[in-house]
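Colleague: I would like to see how this sequence folds:
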Amino acid sequence: MNRIVERILADTKAAMKARDKARLETLRLAMNELKNAGIDKKGAQGLTDEVASPTDHLDEAEAVAVLQKLVKRRKDAAAQFEQGGRADLAERERAEAAVIEEYLPAGLGEAELEELVRAAIAETGATSMKEMGAVMKAALARAAGRADGSAVSAVVRRLLGS
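Modeller: You can find the predicted model right below:
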């Protein structure tokens, strides 16, 4: 079992004991998404072994990707609720996103991100925007869940556009 899943399980028990309903619901949601991703991976790979938990099929990077999607969904929903005049629901979505973000690796700073993208450009030998896809693939692999795709894309566009 990977470290993220172990932490979520431990924190779920702690939230139950503390009777922290909002945190408990968010952690259960995250675990369900991780389990579903494990089941999907198991089915896609045709695995037939009887493992205690579907999350055992996920490695650390895959778990991070699942949690990043959850955070993105929460932030998008918060923006939609804000536009619709539902500040109460928007705040709830932001609170859920904050809980899930606790389990993600620390993000990269602007300077670190630029350095990472420069290394990806050098690795791929890209010289124009036509090669942005290859640079993005290399940069996102190097970022390993520590940077948002849109932030990486902005830096790649800025560096390749010049």
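
Colleague: which residue is nearest the centroid of this protein?
Modeller: Geometric centre of the chain, nearest residue: residue 68, 1.7 Å, by C-alpha atoms, centre = their mean.

Colleague: Next up, the contacts around that residue.
Modeller: Remark: with contacts taken as C-beta atoms under 8 Å, 6 or more residues apart in numbering, residue 68 is in contact with 104, 145, 148. Just so you know, the C-beta spots here come from the backbone N, C-alpha and C atoms, and that holds for glycine as well.

Colleague: Can you tell me the SS state at it?
Modeller: helix (DSSP: H, G, I helix; E, B strand; the rest coil).

Colleague: pLDDT score for it?
Modeller: In this model, residue 68 is scored at 89, pLDDT.

Colleague: how much space between it and residue 130?
Modeller: In this structure, residue 68 and residue 130 are 28 Å apart, going by C-beta to C-beta, to the nearest Å.

Colleague: what's the answer for residue 137, then?
Modeller: Plainly put, residue 137 is 14 Å away from residue 130 if you go by C-beta to C-beta.

Colleague: Name the residues of stretch 25-41 that are buried.
Modeller: Of the residues in stretch 25-41, those buried under the neighbour-count criterion (16 or more other C-beta atoms under 10 Å) are 26, 27, 30, 31, 33, 34, 35, 37, 38, 41.

Colleague: Let me see the mean pLDDT of it.
Modeller: Average pLDDT, stretch 25-41: 91.
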